[in-house]
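Trainee: model the following, please.
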Amino acid sequence: MHTVSGSGPVITTYSGQVTPDDSGNVLIDARDVPTLQREGYSFSNGANNLTATSDPTVSDDANSNYGPGSLWLNTTYSRVWLCVDSTVGAAIWTLLSQNVT
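Mentor: Below is the predicted model of the structure:
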């Protein structure tokens, strides 16, 4: 689970309907990311990769338009990664959530 910024009416997420708090934040499941982005919710000022089939690497950096706050969804393993540092050749991605089956 992680927090996404946005504003708007009640939205339907994988875990049910939720209303953004006064700051526009919603706690979501990794499976909600593609739907919320299509609905106009924003995750970062950099690029997001919501169709990856592998995890991000140190090379997925500012040269590829990723920045702190960028999200990476590994659709193969349902893992969501957050970019915390996009230094060229040394990007740092933190695992936010993964589905355990």
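Trainee: is D61 in contact with S86, as I believe?
Mentor: Yes - the criterion here is Cβ atoms under 8 Å, and D61 meets it with S86 at 5.0 Å. For glycine as for every other residue, the C-beta is placed from the backbone atoms N, C-alpha and C.
Trainee: just checking, A62 touches S86?
Mentor: Yes - using Cβ under 8 Å, A62 is in contact with S86, at 4.2 Å.
Trainee: what about S59, which SS state?
Mentor: State at S59, reduced to three classes by DSSP: H, G, I helix; E, B strand; the rest coil: coil.
Trainee: got the residue ranges for the helices in the chain?
Mentor: All helices of the chain, identified by DSSP state H, fall at 33-38.
Trainee: poorly predicted segments of it, please.
Mentor: Scanning the chain for pLDDT under 70 picks out 1-31, 33, 36-37, 39-45, 98-101.
Trainee: all strands of it, in order?
Mentor: Along the chain, the stretches classed as strands by DSSP state E are 2-5, 11-13, 16-18, 25-28, 49-52, 71-74, 79-85, 92-98.
Trainee: excluding covalently adjacent residues, which one is nearest to D61?
Mentor: In this structure, D61 finds its nearest non-sequential neighbour in A91, 3.9 Å apart by Cβ to Cβ, 6 or more residues apart in numbering.
Trainee: my guess is that neighbour contacts D55. True?
Mentor: No - in this structure, A91 is not within contact of D55 by Cβ under 8 Å, at 11.7 Å.
Trainee: of those two, which one has the most company?
Mentor: A91 (23 against 14; other Cβ atoms under 10 Å).
Trainee: leaving out sequence neighbours, find the closest residue to I92.
Mentor: Excluding the flanking residues, the one nearest I92 by Cβ to Cβ, 6+ apart is D85, at 4.1 Å.
Trainee: please read the previous query as pertaining to P34.
Mentor: In space, P34 is closest to L50, 5.0 Å off (Cβ to Cβ, 6+ apart).
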